[in-house]
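> okay, here's the prediction I keep looking at, along with the sequence it came from:
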Amino acid sequence: MRPIFFTIGLIFGTLHSAQAQDTGTPFQDILQTHAGEVAKPSRRSVSVVLDDLIAAGLPQTTEFLEEWSARNVWQDIDGTFFIVTSEGDQLGLRDVDSGAESRGDKRDFTQIRPNGGVRRVIGTALVQFQLSDPDLARRETALVSIARKPEAAQLAPLLASIDGEQDAGLKARKVQLANFLSARFADAPEDRIAAIESLSKDTSVEARSVLNQILTVKSGLAKDLPEGNIARVLDPTVAPDAFYQQLIDADLAPIRTPPTVVRAALEANIVEGRVADIPVAQLDTDEARNRAYARLAEAGTVPQLVTNVYRDAALSEHVFYEIYNEENAEITAAAEAALKSVEARVGWAQTADLALDGLSLASIYFLAAIGLAITFGVMGVINMAHGEFIMMGAYTGYVVQLFIPDYTVSIIVALPLAFAITFGAGVTMERLVIRHLYHRPLETLLATFGISIALQQLAKNIFGTQARPLTSPDWLDGALVFSDVIQISYIRIAIFVLALLFLGLILFVLKRTRLGLEVRAVTQNPGMAASMGINPDRINMLTFGLGSGIAGIAGVAIGLYAKVTSEMGADYIVQSFMTVVVGGVGNVWGTLAGASMIGFLQKGIEWLNPSNTLAAQTYMILFIILFIQFRPKGIVALKGRAAAD
Amino acid sequence: MSMLLEVSGVTVTFDGFRAINNLSINFAEPELRAIIGPNGAGKTTFMDIVTGKTKPDKGRVIWGEKNMSLLGMSESQIAMEGIGRKFQKPTVFEDQTVRQNLAMALKNPRGAFAVLMHKKTAANGARIEAIAEEIGLLGELRRSAGELSHGQKQWLEIGMLLAQEPRLLLVDEPAAGMTTEEREKTTDILRRAAETRAVVVVEHDMEFVRRLACKVTVLHEGSVLAEGSLDHVTSNPDVIEVYLGRANA
Amino acid sequence: MKNTFIAQNPSVLWFLAALGLFTFGVTMLSEVTGVGVISTSFVKTLGKTLCLCLIAIAMDVVWGYCGILSLGHFAFFGIGGYAVGMWLMYARTEGIVLESLTSQTIPPTPQEITDAIGNQIFGVVGSAEFPMIWAFADSLFLQLLMVVLVPGLLALVFGWLAFRSRVTGVYLSILTQAMTLALSLYLFQNDSGLRGNNGLSGLQNIPGFKATPQATISIIFFIASAAALALGYVFFAWVVSGKMGSVVKGIRDNEARVRFLGYHVESYKLFIFTITAIVSGIAGALYYPQAGIINPGEIAPIASIYLAVWVAIGGRGRLYGAVIGAAFVSLMSSWFTGGGAPSIPLGFYTVEWTDWWLVLLGFSFVTVTLFFPKGIGGLFDYLVRKPS
């Protein structure tokens, strides 16, 4: 709400009078003094108006400037300026001084249309007012607009507005922004250096861009190194052609004669099957062609041949350098130092961010692999269809969402349902197939592979080949932001939490329950376990069901952040096996160690070679192959006679 | 009689459990020796160490006239040095004939290329037949090893060890699951084998050990408890304590 | 020696006779002789199938006889294909480039020729430079050497590492699968130097035989594949017979026993792994000129698992079993997925075999593993009594 400073009650039409001052219309009066400039503003003339308005310091200025810039100021036949609040045949009008509302026929008014350049100038001037505007939102907007396009002129008003700032958060931002501006635009070099040094602890993108702005360079070349704040001298031999091109651009050297030019020149000068007396048939080497070209050049037919030798000589006669746009060497030195310190901090922050990425990838691998670790590690059964159980879990989630539109509810339903379905599938598979293949592990591998391709194709037949979405609830959108560099999406946090839950759950089941005791007994000595009244068949069935059920839940989790396709299981199966093998078979902690190693390693390699995730995966697999050479039993190895058998 | 194998001060630990504890034991050539001891006394682990399957934490295993250390040698190298081992369960190659089983074990070059280029010779054939006769399987040479009875498999495995022409034969419970008649035959084979080489028999069955009529070493908790004739060790109070201790308590 | 070997393995003679008859029959019925009962494309399919039979017997030797379930032999197959494909593609492009350059007024320099070839081959991945690995692409002899050397060396190094640290059983399978995955992922990159996922193409055009019709070329490759299969069969039959066979089967059945008999098990495994890898490479080198195109997808781990499936369905531990399995399953596959098999209308749903073949294959594979562990070849045991 705009406060009203002047009494309302003056009638429309009496506003415009010779004794404006007396009638209490100071703002309209200033406008009228510059009526021509206000009505038809140009970039140059508008500053006169602005200067006067600023000098007068009237409270109406901000609103007027805003409306002016927004093309909402109209002029009536008498030349009086009004702010138009609503358009149509009848305009809604507001008095620039009193704020009194009235109406008028559109035909009696002309709209004032400042162009883009003028509006920018107005905008800049406006900022100064907005910075101290009573409205918090306006102050914020002003700050944002300064930050977007910092200019020297904004420094003084910004500094002036700091003291009066009431809002603590905004004040801090003003101080920070003032600091950025001081670093670049303060008059005294000491002030700038002080500001620059204060930036050396700020890892924000803006602070880095301020420092980079100070350190902008332009490159140059000359016979001798000129005076000035030289950033560095460049070595032209690292990219001779590029540097020679600079010489050509500067008209300091002739254009190169590449083989295509030589060839064209020779073709243009064939005389009776000979070029410069050399038969055309002999011109099938670069050497012969250059010789012919040289002869043509001697005869003056073509320009001189510029070879690499000539190029290198020209390069050595010149010095290539970069010079700072900032002339004060102390300032650039301070900025370089500050940037270096900032970059070191950013490096740490990036490492932390990478660690978070690695952690979330490790959680995914852990979820995908833990079910496998149970079936493979505890039972010694290799289940190639494990990936397809993950896929089944993900499709369960998708189908549930078709029926339950509420994403939160559907996920809560999908998790146990996925477990139930894949648990059932696992138990069925164990009863029908795997039970008959204990002691034939390689054949289990092949039989389950058969099931894997059949399930994959079935999923393709039912759901089609295109990826299906599994949408996460709204509260999992977005990311937890620590700083400009460190952030992690909520889905990944959720997956991490889920992985932790499962780690706890599985440890609990294996170590603290009757089932876990029986599972361990059967694992260690099935014959003895059977003689003690444990039914190994039942235990195997339950274990396999448990491992498969966990795969189903992992499928829902993975489906939330990746697409659900019939081939998604195949994408995880090799990694899952490697996770189990690397970690050490038969041990939940081993799987955790394996997943962590593979997750962090993959992120690490991707960081080293960010452009190429395929290469990262390749190197990671090679690393794992080598790792297994040195620790064939994995990170957490079982020792003793049990392991040797 | 010269020392063939000298095991001294050997210790092996599995996850904190000392399977072999400062064990010292020697074998001469030729010699027939029985090793007895309760479950977990370290009999099998002792054989694992000598044949290179398990590496001890400390101690020495010295072999032959040249005092060669067996530690650090691979299983196949040790086997080539002349130590043969028979497993507790009969392990013969069931898919192959008795003749093929024996031919594989015959002392011949073991390199892959030599084996690839190997030709049957009359001399090898004669050796196979001699061994088959020794173990009583001459009539079964063309049969598949999988078709043999349990006892025959045990003999075939002993035959394969003999075909290796080892200087030391480690035999793990050869009489397990055999009929009395088969046991007698096994005893005969082992005693004849021990006339020219060292044969070490690990056995549970006292009756069988008695029939071997040889020097006996009693292992307990990974070290030697007593050594001597069977009558000597069975009268040793420590041995009685170990074997019958639980009954007394 | 040969005499005793053949005398002891009469099945080898039977196999050779059957293969010879088959080759002769197909040649006679092909378009080359004018009969044309068998189309050129089907001759190619048969020729490719023979190559698959060759790699299948290699797989049988390494798995069925030596007990190493390698999930990496199709990678060696692919490497063989790439090695020969590099020469085919280079030489053919060179021919095209030379032809186009002769029309110019000035004869081309060697550099111009190389640049033009590079542009033709690598333009598709945005490059024109020849990577290092193409250094020998202009020489048929050297590339053929690569067919043998690269799979052989890779298998030697990988096998040495794996066997030395006693990685066995399913661990070894997973490790070989990882190796295959790494290789295919590597080849999928555009800067691998082998045209990324475009792979190598146009391999059916044999340089220097431009005028020869595809019908003739296909028969030549068909006969060459049959000859390679015959040689491979005899070679492997020789390897797995006699004492080598005894040791190798011994390793499969009880590795520790063989070790305590004094055999250095690792070198035997390495020997088998490496020679089967080399034969796989040769099979690939014959296969891909008939297929016409090779890309990294061919090397994906699943291909190697299919190889194991063929051998298991055909029957492990017998070479003819592998041949039967590979031929049967791969021909069935192309019949079903090629639309050859009639759809089954069920009223409410029509079973299209292109969609359901993999389901059928998957479940029949489970059935074979469960109930017929000896595979199709096992049936022969009932029919033919081996002389013992």
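Ah, there it is.

> quick check on A:Gly545: phi, psi?
According to degrees, to the nearest 10, the main-chain angles of A:Gly545 amount to phi -60, psi -40.

> ok, now which ones touch it?
A:Phe423, A:Gly424, A:Gly426, A:Val427, A:Glu430 (C-beta atoms under 8 Å, 6 or more residues apart in numbering or on different chains). Just so you know, the C-beta spots here come from the backbone N, C-alpha and C atoms, and that holds for glycine as well.

> neighbour count added to the residues you listed, as JSON lines?
Listed next are the contacts of A:Gly545 as JSON lines, based on neighbours: other C-beta atoms under 10 Å in any protein chain shown:
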{"residue": "A:Phe423", "neighbour count": "23"}
{"residue": "A:Gly424", "neighbour count": "15"}
{"residue": "A:Gly426", "neighbour count": "30"}
{"residue": "A:Val427", "neighbour count": "18"}
{"residue": "A:Glu430", "neighbour count": "23"}
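
> tally of neighbours for residue 159?
Defaulting to chain A. The number of residues packed around A:Leu159, counting by other C-beta atoms under 10 Å in any protein chain shown, is 16.

> looking at chain C here, not the other one
Neighbours of C:Gly159 under the rule other C-beta under 10 Å: 25.

> likewise A:His439?
For A:His439, the neighbour count with other C-beta under 10 Å is 7.

> angles on the backbone of the residue nearest to A:Met532 when sequence neighbours are not counted, please.
Counting by C-beta to C-beta, 6 or more residues apart in numbering or on different chains, A:Met532 lies nearest to A:Ala521, which is 7.3 Å off, once chain neighbours are set aside. When read as degrees, to the nearest 10, the backbone of A:Ala521 gives phi -60, psi -50.

> cool, the one 5 residues further on as well?
When read as degrees, to the nearest 10, the backbone of A:Pro526 gives phi -60, psi -40.

> any idea how far it lies from A:Ile539?
The gap separating A:Pro526 from A:Ile539 is 9 Å, by C-beta to C-beta, to the nearest Å.

> these two: which is more packed in?
With neighbours defined as other C-beta under 10 Å, A:Pro526 and A:Ile539 compare such that A:Ile539 has more, 22 against 16.

> test my guess that that one contacts A:Leu517.
No: look at A:Ile539 against A:Leu517 with C-beta atoms under 8 Å: they stay out of range, at 10.1 Å.

> contacts only, for the residue in the stretch 151-300 of chain A positioned nearest to chain B.
Residue nearest to chain B within the stretch 151-300 of chain A: A:Thr203 (48.6 Å; C-beta to the nearest C-beta). Counting by C-beta under 8 Å, 6+ apart, A:Thr203 makes contact with A:Val342, A:Arg345, A:Val346, A:Ala349, A:Ser483, A:Asp484, A:Val485.

> switch the cut-off to 6 Å
When contacts are counted by C-beta atoms under 6 Å, 6 or more residues apart in numbering or on different chains, A:Thr203 touches A:Arg345, A:Val346, A:Ala349.

> so the last one touches A:Asp484, yeah?
No: distance between A:Ala349 and A:Asp484: 8.1 Å, which falls outside the contact criterion (C-beta atoms under 6 Å).

> sec struct for the residue of the stretch 201-350 of chain A found nearest chain C, please.
Residue nearest to chain C within the stretch 201-350 of chain A: A:Asp284 (4.0 Å; C-beta to the nearest C-beta). Classification of A:Asp284 using DSSP: H, G, I helix; E, B strand; the rest coil returns coil.

> again with B:Val7
strand.

> skipping adjacent residues, who's closest to it in space?
Leaving aside its chain neighbours, B:Val7 sits nearest to B:Ile25 (4.9 Å; criterion: C-beta to C-beta, 6+ apart).

> how deep is the one you found tucked in, by neighbour count?
Other residues near B:Ile25 number 19, with proximity taken as other C-beta under 10 Å.

> phi and psi next, for it.
Backbone torsions for B:Ile25, taken as degrees, to the nearest 10, come to phi -160, psi 140.

> same deal with C:Gln104?
Main-chain torsions, C:Gln104, degrees, to the nearest 10: phi -80, psi 160.

> pretty sure the residue nearest to A:Met532 sits against A:Gly527.
No: using C-beta under 6 Å as the test, A:Ala521 is too far from A:Gly527 to be in contact (10.6 Å).

> what does the stretch 51-200 of chain A put close to chain B?
Residues of the stretch 51-200 of chain A lying close to chain B (C-beta under 6 Å from any C-beta of the partner chain): none.

> and the helix or strand that contains C:Val170, what does it pack against?
Element membership for C:Val170, per DSSP states H and E: helix C:169-188. On a contact count with 3 or more C-beta pairs under 6 Å, 6 or more residues apart in numbering or on different chains; DSSP states H and E, helix C:169-188 meets helix A:568-583, helix A:613-630, helix C:140-164, helix C:301-314.

> nearest to chain B, of the ones you listed?
Comparing these by C-beta to the nearest C-beta, helix C:140-164 comes nearest, at 10.5 Å.

> what angle separates the closest one from helix A:613-630?
Angle, helix C:140-164 to helix A:613-630, by axes from the mean of the first three to the mean of the last three C-alpha atoms, to 10 degrees: 50 degrees.

> helix C:140-164 to helix C:169-188, inter-axis angle?
On the basis of the same axes, to 10 degrees, helix C:140-164 is oriented at 140 degrees to helix C:169-188.

> buried residues, helix C:140-164. List them.
Buried residues in helix C:140-164, defined by neighbour count with 16 or more other C-beta atoms under 10 Å in any protein chain shown: C:140, C:143-144, C:146-148, C:150-152, C:154-156, C:158-163.

> pull out whichever of the residues you listed are also neighbours of chain A.
The overlap between these and the neighbours of chain A (C-beta under 6 Å from any C-beta) comes to C:Leu161.

> write out the residues of chain B neighbouring chain C.
Near chain C, the residues belonging to chain B are B:75-76, B:79-80, B:85, B:91, B:93, B:95-96, B:100, B:104-105, B:110, B:112, B:115-116, B:118, B:142 when assessed by C-beta under 6 Å from any C-beta.

> out of these, which are inside helices?
Judged by DSSP state H, the subset of those located in helices is B:Glu75, B:Ser76, B:Ala79, B:Met80, B:Gln100, B:Met104, B:Ala105, B:Ala112, B:Val115, B:Leu116.

> export those residues as JSON lines, with columns for neighbour count, distance to chain A and pLDDT.
Shown next, in JSON lines, are those (neighbours: other C-beta atoms under 10 Å in any protein chain shown; distance: C-beta to the nearest C-beta, whole Å; pLDDT from 0 to 100):
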{"residue": "B:Glu75", "neighbour count": "22", "distance to chain A": "12", "pLDDT": "86"}
{"residue": "B:Ser76", "neighbour count": "20", "distance to chain A": "17", "pLDDT": "87"}
{"residue": "B:Ala79", "neighbour count": "26", "distance to chain A": "18", "pLDDT": "88"}
{"residue": "B:Met80", "neighbour count": "18", "distance to chain A": "22", "pLDDT": "87"}
{"residue": "B:Gln100", "neighbour count": "23", "distance to chain A": "24", "pLDDT": "90"}
{"residue": "B:Met104", "neighbour count": "24", "distance to chain A": "23", "pLDDT": "89"}
{"residue": "B:Ala105", "neighbour count": "31", "distance to chain A": "24", "pLDDT": "87"}
{"residue": "B:Ala112", "neighbour count": "19", "distance to chain A": "22", "pLDDT": "83"}
{"residue": "B:Val115", "neighbour count": "22", "distance to chain A": "25", "pLDDT": "84"}
{"residue": "B:Leu116", "neighbour count": "16", "distance to chain A": "26", "pLDDT": "84"}
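
> looking at those residues, spot the one nearest chain C.
Among those, B:Ala79 lies closest to chain C (C-beta to the nearest C-beta), at 3.5 Å.

> show me what contacts that closest one?
Taking C-beta under 6 Å, 6+ apart, we find B:Ala79 in contact with C:Phe260, C:Gly262.
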